[in-house]
Each structure stands twice: as structure tokens, then as C-alpha cells.
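Asker: coordinates only, sequence not included:
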């Protein structure tokens, strides 16, 4: 383990351990998340998904940050993407059970707060599959566009707020990696199962688990960058 790996590990421990040691802190987090879900969503994805990207950079280049990588601009983007993720969770958690009801499957919404059952698993799976097939590809593609924009502008905060050349970036995206890895592999084999588990958990643990998945999201999208370079 190198020195900066130790520093990173200490940072992670300092970030997470207090929530397990101090009940008041975790209770305060739950209260804030309930009262201000979008604010907390911004913060948790700005921190955790960006942390995932830093880990991804460490895996492929041996460092957690470098000139032009744009750690702060990435955190800002992830914060705003986090707002859309919170929104999507609320929309699909309500919409998917309503969809099941139109198919004649009654009690789907109520099952999420009840004991473990086949209906509860079906409902959680339906939420997961709809959010990952409808929302996730759009979010992942938007992230790739902003990622490219950040790199093209030297990883600076000022560069982040320059107009995004959407047409040029979209035309030059590595759609083979985006489809064959990001969409075709990670969505069915990781994200759909992971989010099924998320919606099976008690409500008070769903937010924390989703936040931890933010780290995995950053790592996966960073690996996609590496595959594009190899291609």
C-alpha cells in the first residue's frame, strides 16, 4: 500500500465510521435526508460517486487525482446528477407499483413496507428494471458527455461552465463501449440486481445503500473510460 492509498483509506474511515459509532449522527442524517432529500442527494453523490471515479483513476493510472482530471468539476456534476437520481427513485418507486396494479397485481405498493414475500420481491424488481432501462441509460450518457466536456476544458471549474459542444461530443462518443459494457453488461448484471436489493431493504437503509452504490457507479463509469482508450 502506497502513502496516498493510506491517506485515502483514512479519509474513507473518517467519513463513514462516525455514522456507525454515534447513533445521534446517523439519526440526524436520516432526519436531514427525510426533510431535505435533494440537498442530501446532491451531497452524497458529489462525495461518493466522485470517490468512485477517483478509485477508478487509481485502478487504471495509479493515482487518485491528476492535472486535468477535474475532481471538483466532477463532484459538481455528480451533485446535480444526484438530484436527478433522487427524483428518479421517487418517480419509479411510485410508478412501478402503479404499473403492476394496472396488470391486476394488487397490493404492490403496500408490499414494500410489509414482510418479505414474492410480491415484495416482484415489486422491488419491477422498480429496479424500469428505472434502469428507462432512466439509467440517459443519466449514464449525460455523465459521459459532461466527463468529456470536463477533460476537453482542462478539468477546471471555469471550464465546466463553458457551453457544452453536445453535437460534437455525442458524435465522437465510443458507442461500442457505451452499449457493449455500460448498457449491455452493467445494467442487467449489476444495476438491476443491486437496485432490487435496494428496494427490498427497509426504507431507513435504502438511502444509505444507494449512496454506497454511488461509489460503484463512479468506478464502473471510469472503467468504461479505460475500455474506450484501449479500443
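Answerer: Nice, thanks for sending it over. Everything numeric here is computed off the predicted structure, so don't read it as measured data.
Asker: tell me which residues of stretch 166-186 are tucked away?
Answerer: Buried positions in stretch 166-186, judged by neighbour count with 16 or more other CB atoms under 10 Å: 169, 174, 177, 178, 181, 182, 183, 186. Yep, even glycine has a C-beta here, placed from its N, CA and C like the rest.
Asker: hang on, the last one packs against residue 223?
Answerer: If I follow you right, that is residue 186. No. Using CB atoms under 8 Å as the test, residue 186 is too far from residue 223 to be in contact (9.0 Å).
Asker: Okay, and the residue in the chain sticking out farthest from the centre sits in which element?
Answerer: Within the chain, residue 104 marks the point farthest from the mean C-alpha position, 32.3 Å out by CA atoms, centre = their mean. Element membership for residue 104, per DSSP states H and E: none, as it lies in no helix or strand.
Asker: Pop out the phi and psi values for it.
Answerer: Backbone dihedrals for residue 104, given as degrees, to the nearest 10, come out at phi 90, psi 10.
Asker: Looking at the buried residues of stretch 166-186, which are in helices?
Answerer: Those of the buried residues of stretch 166-186 mapping onto helices are 169, 177, per DSSP state H.
Asker: Quick one: the buried residues of stretch 166-186 as JSON lines, columns for distance to residue 110 and pLDDT too.
Answerer: Output for these, formatted as JSON lines (distance: CB to CB, whole Å; pLDDT from 0 to 100):
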{"residue": "169", "distance to residue 110": "44", "pLDDT": "96"}
{"residue": "174", "distance to residue 110": "44", "pLDDT": "91"}
{"residue": "177", "distance to residue 110": "41", "pLDDT": "88"}
{"residue": "178", "distance to residue 110": "38", "pLDDT": "91"}
{"residue": "181", "distance to residue 110": "38", "pLDDT": "89"}
{"residue": "182", "distance to residue 110": "35", "pLDDT": "89"}
{"residue": "183", "distance to residue 110": "33", "pLDDT": "94"}
{"residue": "186", "distance to residue 110": "31", "pLDDT": "90"}
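Asker: Closest to residue 37 out of the buried residues of stretch 166-186?
Answerer: Set against residue 37, the nearest of the buried residues of stretch 166-186 by CB to CB is residue 186 (25.4 Å).
Asker: contacting residues for the closest one?
Answerer: residue 220 (CB atoms under 8 Å, 6 or more residues apart in numbering).
Asker: Low-confidence ranges, this structure, go.
Answerer: Residues of the chain meeting the criterion pLDDT under 70: 1, 204, 207-208, 226, 229-231.
Asker: which helix in it runs the most residues?
Answerer: Across the chain, the longest stretch assigned as helix under DSSP H is helix 71-102.
Asker: what's downstream of it, the next helix or strand?
Answerer: Sequence-wise, the next helix or strand downstream of helix 71-102 (DSSP H and E) is helix 108-111.
Asker: Any buried residues in that following helix, and which?
Answerer: So, applying 16+ other CB under 10 Å, buried residues of helix 108-111: 108, 111.
Asker: Identify the residues contacting that helix?
Answerer: Residues contacting helix 108-111 (CB under 8 Å, 6+ apart): 94, 96, 97, 98, 100, 101, 117, 119, 120, 122, 123, 126.
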